[in-house]
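Trainee: Sharing a model that was predicted from the sequence below.
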Amino acid sequence: MIETVTVPAESFSDEERERLALHFTNLDRPVFGLVNLPETVKGALFARYSRYQGTLRRLFLDEFADSVPEVPPIEGAEGKRAADLYERIFLGYGDDSVAQLGGAHIACEWTSNLLTKLLQRPRLAAYLEQSTRYIAYDDRLEGFGYRYHRDARFGPQYERALDDVFDTYHRLLEQTTVWVGDRFPRGDDESPAAHARAVRAKALDLVRGLLPAATLSHVGIYGSGQTYEQLVLHLLAHPLAEAQAYGQMLLEELQRIIPSFVVRVPREDRGGRWIEYLRERRGAADAAVHRLGLDEPAGPAAPSVRLVRAHGTEEELLAALLYESAASGEEDALQAVAALSRDEQAALLRDLVGTRENRRHRPGRGFETLTYRFEIVSDYGAFRDLQRHRLLTCQWQRLSPDLGADLPDELVRAGLGGEYERALEVSRSEYERLRADGFVEEAPYALSLAYRIRYVLELDAREALHLIELRSGREGHPSYRAVAHELRRAIAEVHPNVAAAMTYVDEETEERLERLLSERRNDAKR
């Protein structure tokens with residue numbers, strides 16, 4: 001299965017290989033672990049990763065190798081006593097919690113945008129993904145071409161179609177950059193460098209919808225042994241061949257770093273049966289959907305945010321916020337709060353939330369007593385960003401062209417809408433061809449990120465406050481900013497005082513250089 005994965009080749013000089021060998025579990029595969037490095041260096045590498053054009057090993061050589069302190073090789077060998085303990089407690093007794101006590105940094109490179117969502121599905125892990133908002137994907141890699149997932153089974157038509165889409169992306173990126181620069185001329189208080197970076201960022205935002213889901217990215221993961229075990233099992237059980245290949249490579253790298261934490265996965269009576277169960281569960285759901293007639297597309301759907309249901313009242317919220325300071329039961333707190341007038345309840349909530357000096361000042365855990373379940377239709381690009389939030393439940397349907405696609409208004413005004421729509425049609429046609437040839441799971445590779453997807457976000461009020469304030473920020477992408485605004489509006493209809501507590505929501509919707517303020521701050525720091 002691993003041999004079916006085609007990725008760009010990376011070469012290193014003998015000197016570079018010597019420097020890399022101590023810190024990376026392999027030098028020739030797209031999945032590898034980081035070892036024998038201080039934790040801050042591993043974190044810094046991943047932090048820089050999202051806006052770096054190249055690979056993690058090349059990043060290490062370019063920016064970190066000369067400043068890494070000498071660290072003796074200590075990772076990789078568990079020792080007999082530790083291995084025996086995990087054999088007895090983890091494997092023998094089935095005490096899964098001990099697998100939360102150790103972890104690893106792993107890089108998964110050259111992964112499609114379909115696979116990145118599977119890699120980022122576990123809740124209890126940290127992720128860093130190479131950004132489509134700061135990096136242009138119009139370069140052709142030597143000996144490989146444009147950065148997209150390939151599979152010989154798809155035939156030459158697939159590469160012709162995706163090359164066409166990437167060619168269009170390249171042309172429109174350059175034309176859009178010129179148009180944005182003219183539309184937003186540099187102000188007297190803006191440095192040329194900051195303005196140029198902000199212009200480029202907006203152009204990347206406007207054309208990123210053309211990039212197909214096959215576009216290759218890099219993902220850095222830090223997780224516990226328990227998280228990795230679950231991730232590997234789900235990848236190996238997934239029908240996508242790419243997922244299975246990366247699941248196997250991930251397992252092999254983990255066996256080099258934390259072997260006792262994934263010891264159950266290759267065992268036929270443990271991991272093998274687990275994988276069978278996951279496949280059976282998926283098959284049962286697919287069969288039931290077909291039997292109930294739920295597999296027929298309903299046709300195009302406009303972008304939307306719908307509050308399916310909300311649980312809890314603002315009185316229950318107030319009681320929960322008071323609970324940890326009280327000496328009586330929650331029922332007593334509910335009665336006391338219920339005796340207050342609406343205005344008094346609103347004032348009490350403002351007092352309990354307090355003065356938040358920035359969005360990182362979050363209200364107490366009492367906000368977790370309220371929950372919301374939203375069904376959202378948005379372009380796949382916005383979904384990618386919102387799906388990465390950890391403290392919520394995200395469920396999504398298969399990407400398809402059935403719900404339609406988004407066309408940025410600004411591109412239409414720039415006179416580039418026709419070319420954009422033509423590329424979307426090339427993308428859709430290739431999807432239809434792949435699906436007709438039996439590649440049902442693989443067909444979404446061909447679809448551009450502008451195509452819409454339906455998904456559910458279920459979250460409590462505390463996480464909603466964090467998500468909405470973050471994703472409505474002026475520097476955010478317009479597509480997910482629109483979702484954030486609608487989330488808040490829906491919450492305001494059922495819990496107006498909760499919505500009022502979201503004091504760091506940027507509600508402005510005028511056209512602007514979204515990244516300009518950030519780039520000016522970066523210039524000031526320099």
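Mentor: Yes, it's here. Everything numeric here is computed off the predicted structure, so don't read it as measured data. Numbers count the residues shown, from 1 in each chain.
Trainee: Can I take it that Ala326 is in a helix?
Mentor: No. Ala326 is assigned coil when assessed by DSSP: H, G, I helix; E, B strand; the rest coil, not a helix.
Trainee: phi, psi of the closest residue to Leu34 other than its chain neighbours?
Mentor: Closest residue to Leu34 apart from its sequence neighbours, by Cβ to Cβ, 6 or more residues apart in numbering: His105 at 4.2 Å. Every residue, glycine included, has its C-beta placed from N, CA and C. Main-chain torsions, His105, degrees, to the nearest 10: phi -100, psi 120.
Trainee: and what of Thr6?
Mentor: Backbone dihedrals for Thr6, given as degrees, to the nearest 10, come out at phi -110, psi 120.
Trainee: Then the one 10 residues further on?
Mentor: When read as degrees, to the nearest 10, the backbone of Glu16 gives phi -70, psi -40.
Trainee: Tell me the predicted confidence for Ser4.
Mentor: To be clear, residue 4 is Thr; Ser isn't right here. According to the prediction, Thr4 has pLDDT 64.
Trainee: any low-confidence regions in the stretch 101-250 of the chain?
Mentor: Flagging of the stretch 101-250 of the chain using pLDDT under 70 yields the residue ranges 101.
Trainee: mind running it again at 80?
Mentor: In the predicted model of the stretch 101-250 of the chain, residues 101-102, 133 satisfy pLDDT under 80.
Trainee: middle-most residue in this protein, spatially?
Mentor: To find the centre residue of the chain, average its C-alpha atoms and take the closest one (Cα atoms, centre = their mean): that gives Arg388, at 3.6 Å.
Trainee: just checking, it touches Leu128?
Mentor: No. Applying Cβ atoms under 8 Å as the test, Arg388 and Leu128 come out as separate, 9.7 Å apart.
Trainee: Helix or strand with the lowest mean pLDDT in the protein?
Mentor: Comparing every helix and strand of the chain by mean pLDDT, DSSP states H and E singles out helix 80-86 as the least confident one, with a mean of 53.
Trainee: Cys108 and Arg512: what is the separation?
Mentor: Distance of Cys108 to Arg512, given as Cβ to Cβ, to the nearest Å: 35 Å.
Trainee: Show me where the stretch 301-450 of the chain has its strands.
Mentor: With strands called from DSSP state E, counting those that start in this stretch, the stretch 301-450 of the chain shows them at 304-311, 371-379, 393-396.
Trainee: just those: most buried one?
Mentor: Mean neighbour counts were compared across the strands of the stretch 301-450 of the chain using mean count of other Cβ atoms under 10 Å; the top stretch is strand 371-379, at a mean of 21.
Trainee: returning to that earlier point: next up, the contacts around the residue nearest to the residue nearest to the centre of the chain when sequence neighbours are not counted.
Mentor: Nearest residue to Arg388, sequence neighbours excluded (Cβ to Cβ, 6+ apart): Gln120, at 5.7 Å. With contact set as Cβ atoms under 8 Å, 6 or more residues apart in numbering, Gln120 has these partners: 127, 129, 219, 387-388.
Trainee: Can you pick out the most distant pair from the residues you listed?
Mentor: Between all members of the contacts of Gln120, the longest pairwise span (Cβ to Cβ) is found for Val219 and Gln387 and amounts to 12.7 Å.
Trainee: so who does the closest residue in space to Leu386 that isn't next to it in sequence touch?
Mentor: Using Cβ to Cβ, 6+ apart and skipping residues adjacent in sequence, the residue nearest Leu386 is Tyr480, 5.8 Å away. When contacts are counted by Cβ under 8 Å, 6+ apart, Tyr480 is found next to 378, 382, 385-386, 471.
Trainee: quick check, nearest of these to Arg17?
Mentor: Once Cβ to Cβ is applied, the member of the contacts of Tyr480 that ends up nearest Arg17 is Asp385, at 36.2 Å.
Trainee: The closest residue to the closest one other than its chain neighbours: what secondary structure?
Mentor: Closest residue to Asp385 apart from its sequence neighbours, by Cβ to Cβ, 6+ apart: Tyr480 at 5.0 Å. Under the three-state scheme (three-state DSSP), the conformation of Tyr480 reads as helix.
Trainee: just for the stretch 351-500 of the chain, where's the confidence low?
Mentor: Using pLDDT under 80 as the threshold, the predicted model of the stretch 351-500 of the chain has no low-confidence range.
Trainee: export the contacts of Gln120 to TSV and tack on distance to Asn113?
Mentor: Output for these, formatted as TSV (distance: Cβ to Cβ, whole Å):
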residue	distance to Asn113
Tyr127	14
Glu129	9
Val219	10
Gln387	11
Arg388	12
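Trainee: and the residues you listed, which of them are in helices?
Mentor: Among these, the members falling in helices are Gln387 (criterion: DSSP state H).
Trainee: measure the nearest residue to Glu514 once chain neighbours are set aside to Phe60 for me?
Mentor: In space, Glu514 comes closest to Glu475 once its chain neighbours are excluded; the distance is 5.2 Å by Cβ to Cβ, 6+ apart. Applying Cβ to Cβ, the value for Glu475 to Phe60 is 28 Å.
Trainee: Of those two, which one has the most company?
Mentor: Phe60 (21 against 16; other Cβ atoms under 10 Å).
Trainee: Do you know the pLDDT at the closest residue to the more buried one other than its chain neighbours?
Mentor: Closest residue to Phe60 in three dimensions, ignoring its sequence neighbours and counting by Cβ to Cβ, 6+ apart: Leu45, at 6.3 Å. Confidence at Leu45, expressed as pLDDT, is 91.
Trainee: Confirm Leu45 sits in a helix?
Mentor: Yes. Assessed by three-state DSSP, Leu45 belongs to a helix.
Trainee: which SSE is the closest residue to Val68 other than its chain neighbours in?
Mentor: Taking Cβ to Cβ, 6+ apart as the measure, Val68 lies nearest to Val41, with 6.0 Å between them; neighbours along the chain are not counted. Secondary structure assignment for Val41, by DSSP states H and E: helix 39-49.
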